[in-house]
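Undergrad: Let's see this in three dimensions:
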Amino acid sequence: MKETFGEYIHKLRADNGLTLTKLAAALDIDQSTLSKIENGKRNVPVDVLPKLSKIFDLDLKQLEHEYFSEKIAEIIYPQEEPSQILKAAEEKAKYMRIKNQQQGKINF
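TA: Numbers count the residues shown, from 1 in each chain. Prediction:
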């Protein structure tokens, strides 16, 4: 997906013939909140993702990938070397995952 997550939601809504009011009600958010999300003036609450997945019959894991990739892109796009930042972040994420798993083990 090249568009923003909000633009993607707008496209899904329009392609499925849903009004702002109907989709907002299905997502259990204000119509004005949904409008701001679609226009890029507000972030999508992460708890909306499973509802979006179900409403539009989308793969939740793929939707999460798109959501989190946008969050990362928002942080790094002003930087001159985003690919190096992504590589360092991936290494740190792997380290954190391993460290977290090790903390769950008790050694006697």
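Undergrad: rest of the way, CA atoms for contacts and neighbours
TA: Fine.
Undergrad: same question for stretch 78-90, mean pLDDT?
TA: Average pLDDT, stretch 78-90: 92.
Undergrad: now stretch 47-58
TA: Rounded mean pLDDT across stretch 47-58 is 96.
Undergrad: Give the buried residues for the helix or strand encompassing Lys61.
TA: Here Lys61, judged by DSSP states H and E, is contained in helix 60-76. For helix 60-76, the buried set under the neighbour-count rule, 16 or more other C-alpha atoms under 10 Å, comprises 63, 66-67, 70.
Undergrad: and the helix or strand just after that helix with helix 60-76, angle?
TA: Scanning forward in sequence from helix 60-76 by DSSP H and E, the next helix or strand is helix 82-103. Angle, helix 82-103 to helix 60-76, by axes from the mean of the first three to the mean of the last three C-alpha atoms, to 10 degrees: 120 degrees.
Undergrad: Give me the contacts around helix 82-103.
TA: Ile76 (C-alpha atoms under 8 Å, 6 or more residues apart in numbering).
Undergrad: how distant is it from the center of its chain?
TA: The chain centroid and the centroid of helix 82-103 are separated by 19 Å, computed with C-alpha atoms, centre = their mean, to the nearest Å.
Undergrad: Output that helix as PDB, nothing but the C-alphas.
TA: The C-alpha trace of helix 82-103 is given here as PDB (Å, rounded to 0.1, in the frame of the first residue of the first chain):
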ATOM      1  CA  PRO A  82      16.200   5.600   6.400                       C
ATOM      2  CA  SER A  83      17.400   2.100   5.200                       C
ATOM      3  CA  GLN A  84      20.200   2.200   7.800                       C
ATOM      4  CA  ILE A  85      17.800   3.200  10.500                       C
ATOM      5  CA  LEU A  86      15.500   0.300   9.600                       C
ATOM      6  CA  LYS A  87      18.400  -2.200   9.600                       C
ATOM      7  CA  ALA A  88      19.500  -1.000  13.100                       C
ATOM      8  CA  ALA A  89      15.900  -1.100  14.300                       C
ATOM      9  CA  GLU A  90      15.500  -4.600  13.100                       C
ATOM     10  CA  GLU A  91      18.600  -5.700  14.900                       C
ATOM     11  CA  LYS A  92      17.400  -4.000  18.100                       C
ATOM     12  CA  ALA A  93      13.900  -5.600  17.800                       C
ATOM     13  CA  LYS A  94      15.500  -9.100  17.500                       C
ATOM     14  CA  TYR A  95      17.700  -8.400  20.500                       C
ATOM     15  CA  MET A  96      14.700  -7.200  22.500                       C
ATOM     16  CA  ARG A  97      12.700 -10.300  21.600                       C
ATOM     17  CA  ILE A  98      15.500 -12.600  22.600                       C
ATOM     18  CA  LYS A  99      16.100 -10.800  25.800                       C
ATOM     19  CA  ASN A 100      12.300 -10.800  26.600                       C
ATOM     20  CA  GLN A 101      12.200 -14.600  26.000                       C
ATOM     21  CA  GLN A 102      15.200 -15.200  28.200                       C
ATOM     22  CA  GLN A 103      13.700 -13.200  31.100                       C
END
